[in-house]
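**Student:** sharing a model prediction with you, sequence too.
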Amino acid sequence: MTTTLSFEALGLAAPLLQAVQALGFEKPTPVQAEAIPAALQGGDWMVSSQTGSGKTAAFLLPVLHSLHLENEQNPPARLPRPAKGGWVPRNAAPAAPRAVVLCPTRELAQQVAADAIDLVRGSRGLRVATVVGGMPFGKQLADLQGASLVVATPGRLLDLAERKQILLDAVQVLVVDEADRMLDLGFAEDLEAIHTLCAQRRQTLMFSATFAPRIMRLAAQVMREPGRLELATAQDKHVNISQTLHWADNLSHKRALLDHWLRDVALEQAVVFTSTQADADMLADTLQQTGHAAVALHGAMPQSVRNRRLQNLREGRIRILVATDVAARGIDVPSISHVINFGLPMKAEDYVHRIGRTGRAGRSGTAITLAEHRERHKIRAIEQFTRQPIAASTIAGLEPTPPKPREPKFNARPGQRPGRDGGRPNHHRGGPGRPGGGRPEGGRKFGGPRRDAGAQEG
């Protein structure tokens, strides 16, 4: 879908139009062209839009426009600039923002706040504050003084609300960004609590990758008869991203394939995704030992370290970022030319968010997936979710070994019905209460795969 609509035609306030022009945005993206007028019209809206489609500006611009109009009608009292040392007067009133944007991860919240700050540079009286976990309370409290818009993660926002350091009863607009990821990370109860604290608001905007049933249930709890806009679904083809699959025999083979791509002369910067935090650390160390400028990023790291590494990535000091899915949302670096799935995502939908780290700002990108033959079911799940096949390819000298044909598990005599142990008739198998029955010695009670603690982000 393309649009010829201009930002001027959207009716945005002059300072915002000047900011948009200064940032080099020539015309709205499809999601902006539909979501901005809808939000300005009023009412609650659900918007389904994929990463990289311009959704951040799609909700920031109407929210900031409303705040700008309120400031024109009721100019806010002139407030001193926040103290640099994070000092807040003992008798300071609690912060009372008029708009709140909720994000599932710290990185995404900081990216959204940075975009909002860029958009309000020419608007007097509009301040933006970021409230996320892992950062000192003092500085965040200082930044909150006089803030009209607060971009937050749910946990830290509720912490401040419980301490009476922020009041949410003056909030007029609540935005829930990446609602699907919010539910993945277990924020459903936090969202309900924030919904209650912001009960006087006039508008709720919810952005999600899909309108899955769980998202619809959440919307029913926190929204009033929302309108729906569906753009850039998971099934839309990423025409500017080349997607390739390489089959690998084992871990050593995967590392050789990865090394080949990291030495590609066309690679500017790359994000290499792993499945667990431990894998990210080990792979980053291995790449450093082989001469690559690589660092790891995952949820177990202190927030200050994560911030510093992301800033170095944006400034070009880091060429290769090895990350878990904590980095799949919130990284907006146009110079990322390659995304490499060294470890497959836990959920098929996260594949779309991963590859969305490249091909941004109108550029083309390359997405490489490395998979072992035992992971065929995960590749099929991704292809079924996106409704698109991932073309398999080989590299000269690094071709995979063809999988061996399956051998029969038993040699049954004619007319014999085999048992599950490979030839022994079923009546010889023991069960509970029979000789040889019950669980195998040393087996787990439920027989399921052991859950890898490192696979979940902290």
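**Tutor:** The structure has been received and is ready for your questions. Keep in mind the model is a prediction, meaning the values are calculated, not measured.

**Student:** where exactly do the strands run in this protein?
**Tutor:** Secondary structure of the chain (DSSP state E): strands at 45-48, 99-102, 128-131, 149-152, 173-176, 203-208, 227-230, 241-248, 269-273, 294-297, 320-323, 336-341, 365-372.

**Student:** now those as CSV including mean neighbour count and mean pLDDT?
**Tutor:** Bear in mind the C-beta positions are built from the backbone N, C-alpha and C, glycine included. Converted to CSV, the strands of the chain look like this (neighbours: other C-beta atoms under 10 Å; pLDDT from 0 to 100):
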stretch, mean neighbour count, mean pLDDT
strand 45-48, 24, 93
strand 99-102, 26, 97
strand 128-131, 27, 94
strand 149-152, 28, 96
strand 173-176, 25, 97
strand 203-208, 23, 94
strand 227-230, 14, 92
strand 241-248, 20, 95
strand 269-273, 24, 95
strand 294-297, 23, 93
strand 320-323, 26, 95
strand 336-341, 23, 95
strand 365-372, 22, 95
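
**Student:** reformat those strands into a markdown table and put distance to residue 354 next to each item.
**Tutor:** Formatted as a markdown table, the strands of the chain follow (distance: least, C-beta to C-beta, whole Å):
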| stretch | distance to residue 354 |
| --- | --- |
| strand 45-48 | 18 |
| strand 99-102 | 22 |
| strand 128-131 | 25 |
| strand 149-152 | 23 |
| strand 173-176 | 22 |
| strand 203-208 | 17 |
| strand 227-230 | 22 |
| strand 241-248 | 11 |
| strand 269-273 | 5 |
| strand 294-297 | 13 |
| strand 320-323 | 9 |
| strand 336-341 | 6 |
| strand 365-372 | 8 |
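
**Student:** can you pull the contacts of the nearest residue to residue 144 once chain neighbours are set aside?
**Tutor:** Spatial nearest neighbour of residue 144, excluding adjacent residues (C-beta to C-beta, 6 or more residues apart in numbering): residue 95 at 3.7 Å. Going by C-beta atoms under 8 Å, 6 or more residues apart in numbering, residue 95 touches 129, 141, 144-147, 150, 160, 165-167.

**Student:** could you measure from residue 126 over to residue 167?
**Tutor:** For residue 126, the distance to residue 167 equals 19 Å [C-beta to C-beta, to the nearest Å].

**Student:** neighbour count winner among these two?
**Tutor:** Remark: of residue 126 and residue 167, residue 126 carries more neighbours, 25 against 15, as counted by other C-beta atoms under 10 Å.

**Student:** what values do phi and psi take at the more buried one?
**Tutor:** Per-residue torsions, residue 126: phi -100, psi 120 (degrees, to the nearest 10).

**Student:** right, and it touches residue 70 too?
**Tutor:** No. Residue 126 is beyond contact range of residue 70, at 9.8 Å (criterion: C-beta atoms under 8 Å).

**Student:** before we move on, the earlier item: to residue 26, which of the strands of the chain lies closest?
**Tutor:** Closest approach to residue 26 among the strands of the chain is made by strand 365-372 (20.6 Å; C-beta to C-beta).

**Student:** before we move on, back to that, now, the most widely separated pair of the contacts of residue 95?
**Tutor:** Greatest spatial distance in the contacts of residue 95: 146 and 160, 15.3 Å, computed using C-beta to C-beta.
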